[in-house]
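S.K.: what would the 3D arrangement of this be:
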Amino acid sequence: MPWVRNLALSPRAHGLDVVKSLRAMVEGKTKVFFSLGGNLLAAGPDTELIAKGMRGQQATIFVATKLNRGHLTTGSLSLLLPTLAHVDIDMQAAGQQMTSCESTTGVVAQNKVLEPLPGQMLSEVAIISAMAIATLGDRLQGDWVAMTANYDRIRDHISRVVPGFENFNERLRQRGGFYLPNGPRELTFKTPDQKAHFSVTKLEKIGLEPGQLVMATVRAHDQFNTTIYDNNDRYRGIHGERRVIFLNKEDMAERGLNPRDLVNISSHHEGQTRTAERFVVVPYDVPRGNTVTYYPETNVLVPLSSVVKTSNTPTSKTLVVTIAKIPAEAVHQEAALA
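M.R.: As a prediction, this is how the structure comes out:
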């Protein structure tokens, strides 16, 4: 297969960020999508457009610890490779291997280990190394086999190139792990005068037409990235539902809305309109003119062409939308048909 041979040609130029990668996929400039965990279809903007781009790939390869709906949207050829989780006991040639994780407080420590699910799952390291060995053959450079046998060798490489990871193996084996460099905590900054430098970003006023709102997407409490553990959100008092829209009471009154009414949400960008249907109205203490919904349920409303200027990330926090109430008779009619 031609796309397999092309894997041997490692690029030397700068790569693409997520939005540029998605655009390349949609425009037919890429042939293979390879995923190490995650759920790009649920995490990315413009859901239907990204799905179309995914289906246009010659091959989609998913390495995953658990199934998600993104695995159902595939290219002409698709492989789903189950893999060990980082907390699973991982036995290699040199014995049981150790992996690490960086916490939200910047601490790198060993992962706890659990008995893996039965089967013949490989680790992510073993899968990547096997691909390198199979595709590059005699042109392979580096100790890929040795790195698979003993993950300490990987950490040795990391310690030589990533600041803050010096003596990675030794420090990882210390009780509690180690802190990564943190300028504000240590009061040391890599600036000419060794002081913190602050910048001010001028806020841009969003011009809204009558009836429009600014929507931001957020995560619920029982959610990690695109993984949803339960349809509850104790942060905001929501139970058993995720297709909700949080609105200021005055904005609700202006639109003739009551709690638990059903509405359709439409986004508006450069003359394009996208609609997400059947969201439950919830009164909430948000500033007037603003509204909040959950991600990824409203990612379909975020255009791929709408990005933040500097970071080139999707405008999932500042999306111009309108809402339309679903008439009660239509709701009752649907219920009767069901």
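S.K.: ok, and the closest non-adjacent residue to the most centrally placed residue in the chain?
M.R.: Nearest to the mean C-alpha position of the chain, by C-alpha atoms, centre = their mean, lies A43 at 4.3 Å. Of all residues not flanking A43 in the chain, T226 sits nearest, at 5.2 Å (C-beta to C-beta, 6 or more residues apart in numbering). Backbone N, C-alpha and C define where each C-beta goes, glycine included.
S.K.: list of residues touching the helix or strand containing R185?
M.R.: Using DSSP states H and E, R185 sits within helix 183-186. With contacts defined as C-beta atoms under 8 Å, 6 or more residues apart in numbering, helix 183-186 is touched by 179, 189-190, 196.
S.K.: okay, now the unreliable bits of the chain?
M.R.: 1-11, 329-338 (pLDDT under 70).
S.K.: tell me where it has helices.
M.R.: In the chain, the segments counted as helices under DSSP state H are 2-6, 18-26, 40-43, 47-55, 124-136, 144-149, 152-161, 168-172, 183-186, 249-254, 328-337.
S.K.: which of the ones you listed sits closest to P296?
M.R.: Set against P296 and scored by C-beta to C-beta, the helices of the chain come closest in helix 40-43, at 4.3 Å.
S.K.: now the residue nearest to A43: how far from F33?
M.R.: Separation of T226 from F33 (C-beta to C-beta, to the nearest Å): 16 Å.
S.K.: now do E277
M.R.: Distance from E277 to F33, by C-beta to C-beta: 28 Å.
S.K.: same thing with I238?
M.R.: For I238 relative to F33 (C-beta to C-beta), the value is 34 Å.
S.K.: the longest strand along the chain pairs with which strands, parallel or anti?
M.R.: Criterion DSSP state E: the longest strand present in the chain is strand 272-283. Strand 272-283 has the following sheet partners, assigned by DSSP bridges: strand 244-247 (parallel), strand 262-269 (antiparallel).
S.K.: give me the neighbour count for I61.
M.R.: Neighbour count of I61, defined by other C-beta atoms under 10 Å: 19.
S.K.: which residues does it contact?
M.R.: So I61 contacts 32-35, 78-79, 81 (C-beta under 8 Å, 6+ apart).
S.K.: I228 - how many residues pack around it?
M.R.: Around I228 there are 18 residues (other C-beta under 10 Å).
S.K.: for K195, see how far away the closest residue to K190 other than its chain neighbours is.
M.R.: Nearest non-adjacent residue to K190, counting by C-beta to C-beta, 6+ apart: G183, 7.5 Å away. Going from G183 to K195 by C-beta to C-beta gives 10 Å.
S.K.: cool, N231 as well?
M.R.: Counting by C-beta to C-beta - N231 and K195 are separated by 48 Å.
S.K.: picking up where we left off before, what about the contacts of helix 183-186, which one has the most neighbours?
M.R.: Top of the contacts of helix 183-186 by neighbour count (other C-beta under 10 Å): Y179, with 15 neighbours.
S.K.: if we can go back for a sec, got a markdown table for the contacts of I61, with neighbour count and distance to S305 too?
M.R.: Listed next are the contacts of I61 as a markdown table, based on neighbours: other C-beta atoms under 10 Å; distance: C-beta to C-beta, whole Å:
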| residue | neighbour count | distance to S305 |
| --- | --- | --- |
| V32 | 17 | 24 |
| F33 | 21 | 21 |
| F34 | 14 | 25 |
| S35 | 17 | 23 |
| S78 | 16 | 28 |
| L79 | 11 | 31 |
| L81 | 14 | 33 |
